[in-house]
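Asks: the sequence and its predicted three-dimensional model are supplied below.
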Amino acid sequence: MDFHTVANASAAGSAAVAPATSGPGGRNGRATRRKVRRSSIEEPADRRFLRWLATVLAAGLMLLFVSTAYAAAPTLSVTPRMVHPGQIVHVSATGLAGLPIAGLTACLGILGPGQNVEQNLSPAFRPQIGTISVAADGSGQADPTIPLDLVPGNYRLILGGCSPHGNIAPLATIAQSTIAVTGSTLIPTPASGPFPGLPATGDVPTLVVQLVVAAGVIAVVMGLFLRRRSR
């Protein structure tokens, strides 16, 4: 029997007597994996429910934050949006709370037609057409008159701080809307609706949106919690 035969026999004998209880594939490894699976399955139901509840509440708060930020964005609505020179329009501003203009008097102006003002094309108009008092809650209303010398085209009606350069539109725009000037024929001012205090576009007030979202989230969470407790 040569040296290699003796070495191979010795290695085979050692492997045969070595206990198969260690390593990932041994009995200890399988027992450990079973213990981990059993501990995850046997996690208390109350702890799983609390983790799920925390996830639902976090998602609800994120939804409320997003809806509040969207609803509070500065907006400017004009009624009507298709006008004639010399016509009076109703302007409503919302979402200005927290801005420096809140609680002050802002100016309204017109830019256009199109991008003529920015591109130095003729004709180009940028007159100031009136002022609007912004309340502390970020809202305001005004009834300015469309200038008589506007040519037909699409214009931007803007709100911003009053320009120091005379009766020109604000230099910095905070909120804006678009109007279409259709001709030179004057028409009577439309009669006020039955609810003049509502926004001109009929938008749902910001507070109502926030309350609806918050109530929905709370109702879902409480319903699931009570259902869980009743089991």
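Replies: Structure's in. What do you need?

Asks: pLDDT weak spots in this structure?
Replies: Low-confidence segments of the chain, defined by pLDDT under 70: 1-43, 49, 56, 59-72, 184-213, 215, 217, 219-231.

Asks: do you have the strands of it handy? List them.
Replies: Here the chain has its strands, by DSSP state E, at 75-79, 82-83, 90-94, 105-111, 128-133, 140-142, 153-160, 175-181.

Asks: in terms of secondary structure, what does the shortest one contact?
Replies: Here strand 82-83 touches strand 175-181, going by 3 or more C-beta pairs under 8 Å, 6 or more residues apart in numbering; DSSP states H and E. Where C-beta positions appear, they are placed from N, C-alpha and C, glycine not excepted.

Asks: give the partner strands of the strand it packs on in its sheet and their orientations.
Replies: The strands beside strand 175-181 in its sheet (DSSP bridges) come out as strand 82-83 (parallel), strand 153-160 (antiparallel).

Asks: and among the ones you listed, the most buried is which?
Replies: Highest mean neighbour count among the strands paired with strand 175-181 (mean count of other C-beta atoms under 10 Å): strand 153-160, with a mean of 21.

Asks: domains for this structure, by residue range?
Replies: Following automatic domain parsing, the chain resolves into domains at 74-200, 203-231.

Asks: now those domains in JSON lines, with distance to A58?
Replies: Listed next are the domains of the chain as JSON lines, based on distance: least, C-beta to C-beta, whole Å:
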{"stretch": "domain 74-200", "distance to A58": "25"}
{"stretch": "domain 203-231", "distance to A58": "11"}
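
Asks: between the ones you listed, which one is nearest to L57?
Replies: Of all the domains of the chain, domain 203-231 sits nearest to L57, with 6.4 Å by C-beta to C-beta.

Asks: count the neighbours of A214 for me.
Replies: 16 (other C-beta atoms under 10 Å).

Asks: returning to what we had before: name the stretch among the domains of the chain that sits most buried.
Replies: Comparing the domains of the chain by mean count of other C-beta under 10 Å gives domain 74-200 as most buried, with a mean of 16.
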